[in-house]
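**Student:** The amino acid sequence is not available; the structure is as follows:
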């Protein structure tokens, strides 16, 4: 009998937090349903911003992880290969790396200049030479801009979400409080039981705005740091590519 009593107490203790959680969720839903049309439109807009932001976060996290892994593979192949043609052979399979775009731009410019020297080297010239290393540098610079634009794609929406959703939420709250005070004036009572529900419903919009903005701020800064890391890697690779080109073709 004592064992049954102990088990009953344990079950009651376990059920307590679950019941409180369910009750809290029900209270939030109740607050939302008590809001007016404008506040509900504000909440719907904030939910839309949040859903799109999380979709971008998931996509960019996957894309950056893939780009990072393929960049390491590409650099390993690039540094082990004795010919640029060997590196070109693996570019298609490692296309998510931004360094592949740089290499193909630089390699394309190299080929264009070396083909211009003719199939056979002139007398006294042991190998084909570049006409302009600066042209290769410009090709790499243009490719860097293109690859950076790809990396930054959609990240700006997170900054937009982080900057405007708190204000959208604040607008919903202000509108809700105005509506609540109008209702209080109509009732003619300033009792807390009359005032509190309307104000609590209005504050839901501010909470929703912060819920959308805070993750957006964090992941915007996180992805921006990732982009800066890739930009640094592209700058280092460009210098490495130019050094190799200068040693072998000038």
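**Tutor:** Great, that's in hand. Everything quoted here is computed from the prediction, not taken from an experiment.
**Student:** now for the helix or strand hosting residue 199, which elements pack on it?
**Tutor:** Using DSSP states H and E, residue 199 sits in helix 192-249. Counting contacts by 3 or more CB pairs under 8 Å, 6 or more residues apart in numbering; DSSP states H and E, helix 192-249 is packed against helix 2-34, helix 37-80, helix 98-115, helix 133-152, helix 155-187. For glycine as for every other residue, the C-beta is placed from the backbone atoms N, C-alpha and C.
**Student:** angle of the second one against helix 192-249?
**Tutor:** Interaxial angle, helix 37-80 versus helix 192-249 (axes from the mean of the first three to the mean of the last three CA atoms, to 10 degrees): 20 degrees.
**Student:** Isn't residue 132 up against residue 113?
**Tutor:** Yes. Using CB atoms under 8 Å, residue 132 makes contact with residue 113 at a distance of 7.0 Å.
**Student:** Who has more neighbours out of the two?
**Tutor:** Regarding residue 132 and residue 113, a neighbour count based on other CB atoms under 10 Å identifies residue 113 as having more, with 19 against 11.
**Student:** and that one, how far is that from residue 234?
**Tutor:** Residue 113 is 22 Å from residue 234, where distance means CB to CB, to the nearest Å.
**Student:** Next, residue 96: phi, psi?
**Tutor:** phi -80, psi -10 (degrees, to the nearest 10).
**Student:** wait, isn't it in contact with residue 63?
**Tutor:** Yes. At 7.3 Å, residue 96 counts as touching residue 63 under the criterion of CB under 8 Å.
**Student:** Point out where the protein drops to low pLDDT.
**Tutor:** For the chain, the stretches with pLDDT under 70 are 1-35, 116-128, 183-184, 186-198.
**Student:** If we use 50, what do you get?
**Tutor:** Within the chain, the segments meeting pLDDT under 50 span 1-15, 18-22, 24-25, 119.
**Student:** For stretch 161-179, which outside residues touch it?
**Tutor:** 35-36, 38-39, 42-43, 45-46, 49-50, 52-53, 198-199, 201-210, 212-213, 216-217, 220 (CB atoms under 8 Å, 6 or more residues apart in numbering).
**Student:** Pull the number of nearby residues for the closest residue to residue 159 other than its chain neighbours.
**Tutor:** If the residues on either side of it in the chain are set aside, residue 159 comes closest to residue 220, at 5.0 Å by CB to CB, 6 or more residues apart in numbering. Neighbourhood size, residue 220 [other CB under 10 Å]: 22.
**Student:** show me the contacts for residue 220.
**Tutor:** Contacts of residue 220 by CB under 8 Å, 6+ apart are 155, 158-159, 162.
**Student:** Buried only: go through the residues you listed for me.
**Tutor:** By neighbour count, with 16 or more other CB atoms under 10 Å, these hold 155, 158, 162 as buried.
**Student:** Export these to a markdown table and append columns for distance to residue 169.
**Tutor:** Below are those laid out as a markdown table (distance: CB to CB, whole Å):
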| residue | distance to residue 169 |
| --- | --- |
| 155 | 22 |
| 158 | 17 |
| 162 | 12 |
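**Student:** from those, which single one is nearest residue 57?
**Tutor:** Of all the buried ones among the contacts of residue 220, residue 57 sits closest to residue 158, with 7.4 Å by CB to CB.
**Student:** residues in contact with that closest one?
**Tutor:** 53, 56-57, 216-217, 219-220, 223.
**Student:** try it again with 10 Å
**Tutor:** Residue 158 sits next to 49, 52-53, 56-57, 60, 213, 215-224 when contact means CB atoms under 10 Å, 6 or more residues apart in numbering.
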